[in-house]
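*Asks:* Quick check, what structure comes out for this input:
(one chain, ligands or ions: 2)
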Amino acid sequence: MTTLRIAGGSVLRPDMSVSEGDVLVDQDAGEILAVGDTDGADEVLDADGCLVMPGLVNAHGHAAMTLLRGYADDKPLGAWLQEDIWPAEGELGPEDVRAGADLALVEMIRSGTTAFADMYFHVPEVAAAVDEAGVRARLGHGVVTVGKDEEEAIADNEESLEVAREFDGDAGGRIETAYMPHSLTTVGEEYLREFVAQAREADVPVHFHANETRDEVDPIVDERGVRPLEYADSVGLLEDGDFCAHGVHSDADEIELLAERDAAVVHCPASNMKLASGMAPVQQMREAGVTVALGTDGAASNNDLDLFDEMRDAAMLGKLAADDAAAVPAEAAVEMATAGGADALGFDSGRIEPGANADLAVVDFTAPHLTPVHDHVSHLAYAATGSDVRHTICDGSVLMRDRDVLAFDEARVRERAQQRAAAVAERARDV
Ligand SMILES: CSC[C@H]1O[C@@H](n2cnc3c(O)ncnc32)[C@H](O)[C@@H]1O
Ligand SMILES: [Zn+2]
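*Replies:* Residues are numbered from 1 along each chain as shown. Ligands and ions are numbered 1, 2, ... in the order given. I've put the predicted structure just below:
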C-alpha cells in the first residue's frame, strides 16, 4: 500500500467542527485511511497553517464554456443564449471543447475543486481531459430537440445515452455519467418519455436545467396547467439520483416533491444573479430536506469557476431571498459545496472520514484576509478565495502541490485556449 499523509494542519470534520490533526490516505485505493494522530507514510504534504477540507464539488456546469468567458454579458438568459451563445457554440469543434475543458480543469484544480458535473457536447474530449487531469466527474451530452426534425432529435437523444453507457466507469472509475436533456422546454415531451425510460434501463441518472427563469416556467404552467417539476415528475424525471440545475422559481409543492423523490437541486447563485434569473428558495429547500448542491454553471454566465465565490454568493443571496440574516449560514454554504455536491452527484466524497474518497483541498489560512481565525468555517464561506488553496488531492493523488498544477503545462493551456477562443469568435461573427 502506498500512503500519503497531509500533516501539521487542522481538519474540517463532517459535523463542521475543526480539530488539529493529519489525514492519512491510501493512494492505491484512493481512500482516506485515518484522521487525527498518524505517522509514517510514503509521501508527506505539509499543511502547517492550513485547513484540510473536502475537495469542492462543482455540481453543474459546462466546462468548455471557458472559451466564451466575457464573450457576451449583461443580457437575460433567453437573449444571451439565442443571440450570442448558441451561434458561437455552433462553431465549436472537438479540439475547441478539449482546449476549453483543459482550461476549466486548471481553474477548478487551482481553486480546490475535485469533482464536477458537466453537460456539453463532444463529451469524449471532456472525458479525455478529466482522465488526464485526475479529477472526478459526472459527464453527459446535452440534448436539445427544439428546432430539429424527428431524425435529428432522436439522434441527439441517442448520442446522450450512448455517451452515458460508453464512459460510465472510465478513468479508473473517476468518470460517471448521466442522460442530460437540456431543459423541460428545449426537449420535447415525447423524447423525454422515451429516453428517460431508456436511461433507467441503462441505470444512469438524469440531469437537466429546470425552473431557471419565469420565461421558462410560465409557458409550462399556461400550456400544461401544472408546475414544471410536476410535469418533470409526470414524464419520469425526479428519481433518486437525478439532479436539476437552478430550481429558482420553485413553489412549496415543487420543493415538497423534490424532497419526496430524493432528487437534488444544484443552486447556481452567481449565474442566477448575472442573468437576473431570480433568487432560489435555498433556505426553504434545505428546511424541506432537499439535497442542495452548488454549481458555477458555465464560465460565460459567472464568469469564473471558483466555488469559494459560490459559497459566499449562496450565503448572501440566501439571506436576501429569505429576508433573514440567519438563513443559509456559513455551515450551510460549506455543506452544499462539499457533502451536498457529492450526494447530488452520487460520489462517496465531500466528507473527511475513513473509507471515503480521498478528495481533499488544503487551504492556506496564513493570508492577511484570513487573519485572525475565530472560525474556520466562517472564513471558508465569507473570506477565502480559490487562490488560498495550496494543495489539491483527488482519488488519493496529488493534483496540485504548492500551487503547481501537476498534470498540465498551464502556460500552454492558456495560450491554446486564447487562440481557439479568438478563432471561434471570428467564425461566429462571420456567420
Ligand atoms: C446542450 S449542452 C448545454 C447547453 O446549456 C447552455 N447553457 C449554459 N448556461 C445555461 C443556463 O444558465 N441555462 C440554460 N442553458 C445554459 C450551454 O450554452 C449549452 O448550449
Ligand atoms: Zn447550465
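*Asks:* Check Cys244 and give its pLDDT.
*Replies:* pLDDT for Cys244: 98.
*Asks:* Name the residues that touch whichever strand or helix holds it?
*Replies:* Secondary-structure assignment from DSSP states H and E places Cys244 in strand 243-246. Under the contact criterion C-beta atoms under 8 Å, 6 or more residues apart in numbering, strand 243-246 has outside partners 59-60, 117, 205, 207-212, 229, 232, 237-238, 263-268, 272, 277, 280, 293, 295, 297, 344-345. Where C-beta positions appear, they are placed from N, C-alpha and C, glycine not excepted.
*Asks:* Which residue ranges of the stretch 101-250 of the chain form strands?
*Replies:* With DSSP state E, counting those that start in this stretch, the ranges of strands along the stretch 101-250 of the chain come out as 113-120, 136-143, 175-177, 180-181, 207-210, 243-246.
*Asks:* Between those strands, which one is closest to ligand 1.
*Replies:* Across those, ligand 1 has its closest neighbour in strand 136-143 (2.5 Å, C-beta to the nearest ligand atom).
*Asks:* Now do the domain split for the chain, please.
*Replies:* Domain assignment of the chain by automatic domain parsing yields the ranges 3-54+351-405, 56-345.
*Asks:* Span of the first one from start to end?
*Replies:* To tie it back to what came earlier, the one meant is domain 3-54+351-405. Domain 3-54+351-405 has an end-to-end distance of 20 Å (C-alpha to C-alpha, to the nearest Å).
*Asks:* how about the residues of the stretch 251-400 of the chain near ligand 1?
*Replies:* Counting by C-beta under 6 Å from any ligand atom, the stretch 251-400 of the chain comes close to ligand 1 at 271, 297-298, 301.
*Asks:* can you put those residues in a markdown table and add secondary structure?
*Replies:* As requested, these are exported to a markdown table (DSSP: H, G, I helix; E, B strand; the rest coil):
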| residue | secondary structure |
| --- | --- |
| Ser271 | helix |
| Asp297 | coil |
| Gly298 | coil |
| Ser301 | helix |
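*Asks:* Please list only the buried members of the residues you listed.
*Replies:* Among these, those buried by neighbour count (16 or more other C-beta atoms under 10 Å) are 271, 297-298, 301.
*Asks:* so what strands line up beside the strand holding Cys244?
*Replies:* Strand 243-246 has the following strand partners under DSSP bridges: strand 207-210 (parallel), strand 264-267 (parallel).
*Asks:* winner for burial among these?
*Replies:* strand 264-267 (a mean of 31; mean count of other C-beta atoms under 10 Å).
*Asks:* Check the average confidence over it, would you?
*Replies:* 99.
*Asks:* Next: stretch 317-331.
*Replies:* Mean predicted lDDT for stretch 317-331 stands at 98.
*Asks:* Name the residues that touch that stretch?
*Replies:* 16, 269, 272-273, 279-284, 286, 314-315, 332-333, 375, 377-378, 380-382.
*Asks:* Please repeat the previous calculation with a cut-off of 7 Å.
*Replies:* For stretch 317-331, the surrounding residues in contact (C-beta atoms under 7 Å, 6 or more residues apart in numbering) are 16, 269, 273, 279-283, 314-315, 377-378, 381-382.
*Asks:* In PyMOL, how would I select the buried members of those?
*Replies:* Buried residues within the contacts of stretch 317-331, by 16+ other C-beta under 10 Å, are selected in PyMOL with:
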select buried, resi 16+269+273+280+281+282+283+314+315+377+378+381
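*Asks:* Put together TSV for the contacts of stretch 317-331, with secondary structure on each row.
*Replies:* Shown next, in TSV, are those (three-state DSSP):
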residue	secondary structure
Met16	coil
Pro269	helix
Met273	helix
Met279	coil
Ala280	coil
Pro281	coil
Val282	helix
Gln283	helix
Ala314	helix
Ala315	helix
Val377	helix
Ser378	helix
Ala381	helix
Tyr382	helix
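*Asks:* now Met400: how far from Ala293?
*Replies:* 23 Å (C-beta to C-beta, to the nearest Å).
*Asks:* now do Ala381
*Replies:* For Ala381, the distance to Ala293 - C-beta to C-beta - is 15 Å.
*Asks:* Same check on Asp15?
*Replies:* 19 Å.
*Asks:* And for Thr392?
*Replies:* 19 Å.
*Asks:* quick one on the thing from earlier: look at Asp15 and Ala293 and report which has more neighbours.
*Replies:* Per other C-beta atoms under 10 Å, whichever of Asp15 and Ala293 has more neighbours is Ala293, with 29 against 7.
*Asks:* strands paired with the one helix or strand the more buried one maps to, and their directions?
*Replies:* Take DSSP H and E as the rule and Ala293 turns out to sit in strand 292-294. According to DSSP bridges, strand 292-294 forms sheet pairs with strand 264-267 (parallel).
*Asks:* before we move on, the earlier item: could you say which of the domains of the chain is packed most deeply?
*Replies:* domain 56-345 (a mean of 21).
*Asks:* can you give me the end-to-end distance of that one?
*Replies:* End to end - C-alpha to C-alpha - domain 56-345 spans 12 Å.
*Asks:* From the chain's centroid, how far away is stretch 92-102?
*Replies:* 18 Å (C-alpha atoms, centre = their mean, to the nearest Å).
*Asks:* do stretch 126-141 as well
*Replies:* On C-alpha atoms, centre = their mean, the centre of stretch 126-141 falls 12 Å from that of its chain.
*Asks:* And the closest residue to Ala245 other than its chain neighbours, what's its pLDDT?
*Replies:* Among residues not flanking Ala245 along the chain, His60 sits closest, at 4.1 Å (C-beta to C-beta, 6 or more residues apart in numbering). His60 carries a pLDDT value of 98.
*Asks:* helix, strand or coil for His60?
*Replies:* Assignment for His60 (three-state DSSP): coil.
*Asks:* I figured it hits Gly295, correct?
*Replies:* Yes - under the criterion of C-beta atoms under 7 Å, His60 makes contact with Gly295 at 3.1 Å.
*Asks:* ok, back up a step: so can I have TSV of the strands of the stretch 101-250 of the chain showing distance to ligand 1?
*Replies:* Conversion of those to TSV gives the following (distance: least, C-beta to the nearest ligand atom, whole Å):
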stretch	distance to ligand 1
strand 113-120	5
strand 136-143	2
strand 175-177	14
strand 180-181	7
strand 207-210	5
strand 243-246	7
